[in-house]
Each structure stands twice: as structure tokens, then as C-alpha cells.
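Enquirer: Whatever this is, show me its structure:
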Amino acid sequence: MKRISPISGLKAAVGAISLWAIVGFVDHASAAGDAPVGGAVHLQRVAEAAEGGNRQFLCQNEVDLKPDEGYVLTFWAKSPQSTPLRVSMKVSQAPWSSVGSPQQVELTPEWQKYELNIEATGAVPGKTRITFNFVDTLAADIWMADFHLRNAGSDESENLIANARFEDGLAKWYSEGQRAGVFQVSAQSQAEAAAP
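Expert: Below you'll find the predicted structure:
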């Protein structure tokens, strides 16, 4: 499992936005613990556009974090292009202030389990958005699965992420950066995910 440290500040906005798509869910299970359990979501960036900002992401709103408490987030991810992935949080209502520090993981072509320690500085109970987004503008595929978020002092059975294994498709998940003809959702088999 890879343990990740916070990145120092936010990088400057890039001059291009890349269009992307959520392409589906992947049945990928392993009783041995060397791969995610349940379904997964596939994020695919398919093009670049000359627009300001990087606003393509997958997130979950209304996560119930208590202010200034520590949390542990684990999830599985992979990318054939070994692309970086940013994980950040903010209050999911105006004024949309940041919660804690953004963190970045470097994905690999094989499934890896990532663990992030999160300080919920500035959280509003029941009103935190956790966001997963591309760091750069290059075309890339990202698969993510088997999310688990708990208070650092709680039982490991607690999970504050709803639909964490995508049993109900994208229910409780939200995405931004969609464009007509670019955003699509489709189910995929484990075999399709194994050979992107």
C-alpha cells in the first residue's frame, strides 16, 4: 500500500482543459486482498480544449467530516499512462472553502492501494466534498475502486463514502467536465478492464 503526503499548495491553473469521460464500471474482485473488491469507475480523458482551468473531476458531496479531526482514506487506482491524480476536499456549499490540504498520488499501470491521512481542517459536518481529478492535461485513463473513508480513531468497519464499490452505478457520485459526445457511462467486464 502506498502512503501519500500532502502536496505543497495548489499548482497554477493550466491553460487548457482536457475533455474526459466516465466510461463505466469494472467488475474486479479479489478475495486475496491484492486487488479492489466490487465495481470500479473508469475516467477517460479523450481530448484537450483551449479553455482555462482544470475542471474535470469525480466527487462525492455531503461527506460527514467533523472539523479538525483526522481521517484515513484508502482506495484502489490504476492508469496505463501512469498519470498523477489529485485528491482534495472542500465545503460543499458557499463559500466552497478548502478542507485540509490537497494530496497527489502517482498512479501505475497495475492496481495499487493508496492510503491518505486527512486533517479535516475547516470541514462543515455533513457538507464536505471529496474530489478526485486529473493533475495535467494529457490524455489518460484512470480506474478507481473500493473507497474507504473513516475517522482515524474509529472502527475500520466505518465507511463515510456512499456507494464506495459502485454497486449502484454512479449513485451518490457526481462528475464535472462533461461535453456532448464525450461523456458516456457504460458497464465493463473484468476482462475489458484488464486490457484497456
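Enquirer: Which elements pack onto the longest strand seen in the chain?
Expert: If each strand of the chain is counted by residues according to DSSP state E, the longest one is strand 140-151. Secondary structure elements in contact with strand 140-151, counted by 3 or more CB pairs under 8 Å, 6 or more residues apart in numbering; DSSP states H and E, are strand 17-26, strand 40-49, strand 70-78, strand 128-134. All C-beta atoms are positioned from the backbone trio N, CA, C, and that covers glycine.
Enquirer: now with 10 Å?
Expert: strand 17-26, strand 40-49, strand 57-63, strand 70-78, strand 84-91, strand 112-119, strand 128-134, helix 190-194 (3 or more CB pairs under 10 Å, 6 or more residues apart in numbering; DSSP states H and E).
Enquirer: Dump the fourth one to PDB, restricted to CA.
Expert: Taking only C-alpha atoms (Å, rounded to 0.1, in the frame of the first residue of the first chain), the coordinates of strand 70-78 have been written out as PDB:
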ATOM      1  CA  GLY A  70      -8.200  13.200  11.400                       C
ATOM      2  CA  TYR A  71      -9.400  10.700   8.800                       C
ATOM      3  CA  VAL A  72      -7.900   7.800   6.800                       C
ATOM      4  CA  LEU A  73      -8.900   7.500   3.100                       C
ATOM      5  CA  THR A  74      -8.000   4.300   1.200                       C
ATOM      6  CA  PHE A  75      -8.800   3.500  -2.400                       C
ATOM      7  CA  TRP A  76      -7.500   1.500  -5.300                       C
ATOM      8  CA  ALA A  77      -6.500   3.100  -8.600                       C
ATOM      9  CA  LYS A  78      -4.500   2.400 -11.800                       C
END
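Enquirer: mind listing what that strand pairs with, with the direction of each?
Expert: For strand 70-78, the paired strands and their directions (DSSP bridges) are strand 112-119 (antiparallel), strand 140-151 (antiparallel).
Enquirer: Can you dump the C-alpha atoms of the shortest one in CSV for me?
Expert: Backbone C-alpha positions of strand 112-119 (Å, rounded to 0.1, in the frame of the first residue of the first chain) are rendered in CSV as follows:
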residue,chain,number,x,y,z
GLN,A,112,-2.4,-0.1,-6.2
LYS,A,113,-4.0,0.6,-2.9
TYR,A,114,-3.4,4.1,-1.7
GLU,A,115,-3.8,5.4,1.9
LEU,A,116,-4.1,9.1,2.7
ASN,A,117,-4.2,10.7,6.1
ILE,A,118,-6.5,13.7,6.1
GLU,A,119,-6.9,16.5,8.5
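Enquirer: could we number from 6 for the rest of this?
Expert: Sure thing, new numbering starts at 6, so read that last one as strand 117-124.
Enquirer: thinking again about what came up before, what's the closest of the helices and strands packed on strand 145-156 to residue 104?
Expert: strand 89-96 (4.0 Å; CB to CB).
Enquirer: And the next helix or strand past that closest one?
Expert: strand 108-111 (DSSP states H and E).
Enquirer: That following strand - what's its average pLDDT?
Expert: Mean per-residue pLDDT for strand 108-111: 96.
Enquirer: Over to stretch 149-161?
Expert: 92.
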